[in-house]
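Trainee: generate coordinates for the sequence data below:
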Amino acid sequence: MKLITHFWKAGIFVIIAFTLLFACSDEDDNYNYDPDNYYPTCKITNPGLDSKVVTGGRLTITVNATDYVGEVRKIEFYHEGDLIGTDDMAPYIHTWKASNDERLGMHLFTASSINNLGNFTTDSVWVKVIPPGIPPVAGFTYTPVQGMAPLQVQFTDTSLNSPTSWIYIFSNGKNSREQNPLYTFEENGVYSVTFKVMNDYGSDTVYSPDIIYVGTLPGSYPTTGFMPVNSRTFQMGNEKGDADEKPLHPVKLSYYQISKYEITAYQYAQFLNEIESPADCIIDGYQYLDISNKDCPIEYSNNQFIPKLHLEDHPVTYVSWYGAYFYALHYDWSLPTEAEWEYASRDGQMLSDYIYSGSDDPDECAWYAGNSSGKTHMISEKLQNKLQIYDMSGNVAEWCMDYYGADYYSISPSKDPTGPTFGSEAVVRGGSYKDDADQCRCTKRNHLPKESMSADVGFRVVKVNN
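Mentor: Numbers count the residues shown, from 1 in each chain. Okay, here's the model as predicted:
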């Protein structure tokens with residue numbers, strides 16, 4: 001009976017052992033099974049394929065090894081067939097140092113996993129020995145940066161430290177591995193480029209310093225095209241208007257110049273790039289732009305700000321008063337005071353009595369709720385006023401420099417008024433594409449918190465120097 005029990009237990013052990021061996025045999029290509037012997041696994045996990053080591057440098061070899069029945073006794077490490085080290089405790093690691101005069105080229109490294117039965121399994125990897133060097137520093141130029149489709153752009157590699165391979169990755173999903181490709185952009189759009197270079201010692205990546213515009217030419221309406229506004233006394237306000245438009249009162253302004261156009265998404269994106277704004281557009285606690293809003297006309301891509309396609313020459317929106325103020329300050333300009341804004345909208349020294357800036361018919365001079373289809377439009381598509389200024393009625397409402405005061409007109413000075421000394425909100429003028437025509441009147445006053453960032457509020461700028 002004891003003999004039968006002994007054979008029964010032995011049979012169970014053999015069945016379990018065979019089951020384990022067959023179950024594990026699919027887990028590693030290097031696992032070997034022999035009906036009379038058990039073999040360990042052996043896998044070099046480092047270095048990987050295409051690895052390199054410089055002369056005088058060090059190479060770390062790491063091995064994973066297992067024996068599902070017995071135990072791994074040791075790992076032997078070989079270089080070109082010569083034993084260079086052993087390790088008997090996981091993790092199994094050996095560091096090889098290349099001599100300063102080591103033979104250049106491919107070297108074979110082998111690891112041998114040996115179990116307690118003396119059976120072994122090996123794995124090998126080729127490593128390239130290279131002379132000392134330094135990683136490349138990526139750089140490139142390209143021209144032109146804008147034009148009509150199809151647009152051919154010549155890219156020129158200016159990288160340092162002898163890269164041996166290149167890849168230009170275009171934002172349209174295409175790429176080129178030539179060093180100096182002549183690439184054709186077939187479709188209209190706004191494109192950025194990522195450039196990566198590599199050599200035996202590393203890699204480096206840079207992004208295009210300028211956006212490539214194809215089919216649309218942004219900035220063709222220069223915000224620096226200021227229109228002069230000569231000094232003259234005018235009657236500010238509207239006795240037939242809302243309560244805060246009264247009383248009608250005389251104002252005389254010093255000479256100034258005002259931008260012909262509302263600031264565009266393209267121009268504001270360039271500003272953010274110039275000041276190296278963080279991606280969230282929050283600087284010193286002030287949020288300049290609500291770039292996280294899906295409808296913001298500017299986006300952050302490849303470490304730079306770019307206007308969205310077809311919105312390059314639309315007015316910038318989702319900009320706070322602070323974002324408008326610091327834009328103007330960056331270029332040594334200013335936001336218009338409320339008086340400067342109204343005087344310019346009413347044709348300045350050529351004062352007119354138009355209800356809107358340039359006409360009594362809002363459809364002629366303004367994008368408003370009645371004709372805008374609920375969206376902004378490219379600047380300057382509507383009739384200009386007599387000062388040749390566009391979009392002072394409609395398209396987007398515009399931030400002014402002043403705090404808002406409902407009763408300010410009753411205490412306003414007659415010479416260069418600048419609004420109340422204190423306040424909680426800033427003046428907004430001109431009405432927008434979302435408003436009815438009444439909101440787009442030249443004398444209509446509105447106001448918002450300075451931190452407000454709206455889909456229909458932008459700005460223009462003034463300068464007081466000649």
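
Trainee: shouldn't residue 326 be within a strand?
Mentor: No: judged by DSSP: H, G, I helix; E, B strand; the rest coil, residue 326 forms no part of a strand; its state is helix.

Trainee: so what's the residue count around the closest residue to residue 328 other than its chain neighbours?
Mentor: Sequence neighbours aside, residue 461 is the residue nearest to residue 328 in space, at 4.7 Å (criterion: Cβ to Cβ, 6 or more residues apart in numbering). Backbone N, C-alpha and C define where each C-beta goes, glycine included. The tally of other residues near residue 461 (other Cβ atoms under 10 Å) stands at 23.

Trainee: these two touch, right, residue 461 and residue 263?
Mentor: Yes: here residue 461 reaches residue 263: they are 6.8 Å apart, a contact under Cβ atoms under 8 Å.

Trainee: ok, the residue nearest to residue 328 - contacts?
Mentor: Neighbouring residues of residue 461 by Cβ atoms under 8 Å, 6 or more residues apart in numbering: 223, 258-259, 263, 327-328, 331, 333-336.

Trainee: those residues in strands, which ones?
Mentor: Among the contacts of residue 461, the members found in strands (DSSP state E) are 258-259.

Trainee: ok, of the contacts of residue 461, which one's closest to residue 85?
Mentor: Closest approach between the contacts of residue 461 and residue 85, by Cβ to Cβ: residue 327, at 64.3 Å.

Trainee: at the geometric centre of the chain, which residue do we find?
Mentor: residue 301 (2.4 Å; Cα atoms, centre = their mean).

Trainee: specify the beta-bridge partners of that one.
Mentor: On the basis of DSSP bridges, residue 301 is bridged to residue 304.

Trainee: from what I see, it and residue 193 are in contact.
Mentor: No: counting by Cβ under 8 Å, residue 301 does not reach residue 193; the two are 11.0 Å apart.

Trainee: hey, what's in contact with both of these two?
Mentor: residue 171.

Trainee: just the mean pLDDT for stretch 194-202, thanks.
Mentor: Average pLDDT, stretch 194-202: 92.

Trainee: okay, that stretch in PDB with CA atoms only?
Mentor: Taking Å, rounded to 0.1, in the frame of the first residue of the first chain, the C-alpha atoms of stretch 194-202 are listed here in PDB:
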ATOM      1  CA  THR A 194       8.400  70.500 -36.000                       C
ATOM      2  CA  PHE A 195      12.000  69.700 -36.900                       C
ATOM      3  CA  LYS A 196      14.000  66.800 -35.300                       C
ATOM      4  CA  VAL A 197      17.600  65.900 -35.900                       C
ATOM      5  CA  MET A 198      19.600  62.900 -34.700                       C
ATOM      6  CA  ASN A 199      23.100  61.500 -34.600                       C
ATOM      7  CA  ASP A 200      24.800  58.800 -32.700                       C
ATOM      8  CA  TYR A 201      25.000  60.900 -29.500                       C
ATOM      9  CA  GLY A 202      21.400  62.000 -29.200                       C
END
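
Trainee: list the contacts of it.
Mentor: Outside stretch 194-202, the residues that touch it by Cβ under 8 Å, 6+ apart are 52, 54, 128, 130, 133-136, 138-140, 155, 157, 159, 161-169, 203-208, 302.

Trainee: now with 7 Å, please.
Mentor: Taking contacts as Cβ atoms under 7 Å, 6 or more residues apart in numbering, the residues outside stretch 194-202 that touch it are 52, 130, 133-136, 138, 140, 159, 161-169, 203-207, 302.

Trainee: ok, stretch 294-307 next?
Mentor: Applying Cβ under 7 Å, 6+ apart, the external contacts of stretch 294-307 come out as 190, 192, 194, 207, 211, 218, 265-266, 268-269, 272-273, 279, 289-291, 308, 311, 314, 316-318, 455.

Trainee: just those residues: which are in helices?
Mentor: 265-266, 268-269, 272-273 (DSSP state H).

Trainee: and residue 424, how far is that from residue 289?
Mentor: Noted for residue 424: a distance of 22 Å to residue 289, by Cβ to Cβ, to the nearest Å.

Trainee: more neighbours, these two?
Mentor: It is residue 289, of residue 424 and residue 289, that has more neighbours when counted by other Cβ under 10 Å, with 29 against 9.

Trainee: pLDDT weak spots in the stretch 51-200 of the chain?
Mentor: Within the stretch 51-200 of the chain, no stretch has pLDDT under 70.

Trainee: and the stretch 351-466 of the chain, by the same measure?
Mentor: 465-466.

Trainee: just the strands in it please.
Mentor: Here the stretch 351-466 of the chain has its strands, by DSSP state E, counting those that start in this stretch, at 397-403, 425-429, 445-449, 457-458, 462-463.

Trainee: give me the sheet partners of the longest one and which way each runs.
Mentor: Here the strand partners of strand 397-403, with direction, are listed using DSSP bridges: strand 425-429 (antiparallel), strand 457-458 (parallel).

Trainee: relative to strand 445-449, how tilted is that strand?
Mentor: Counting by axes from the mean of the first three to the mean of the last three Cα atoms, to 10 degrees, strand 397-403 lies at 80 degrees to strand 445-449.

Trainee: and strand 397-403, how far out from the chain middle?
Mentor: 29 Å (Cα atoms, centre = their mean, to the nearest Å).

Trainee: run through who's touching that strand.
Mentor: Contacts of strand 397-403 (Cβ under 7 Å, 6+ apart): 262, 321, 324, 334-338, 341, 418-420, 422-423, 426-432, 446, 456-460.

Trainee: mind redoing it with 6 Å?
Mentor: Strand 397-403 has contacts (Cβ atoms under 6 Å, 6 or more residues apart in numbering) with 321, 324, 335-338, 341, 419-420, 423, 427-432, 457, 459-460.
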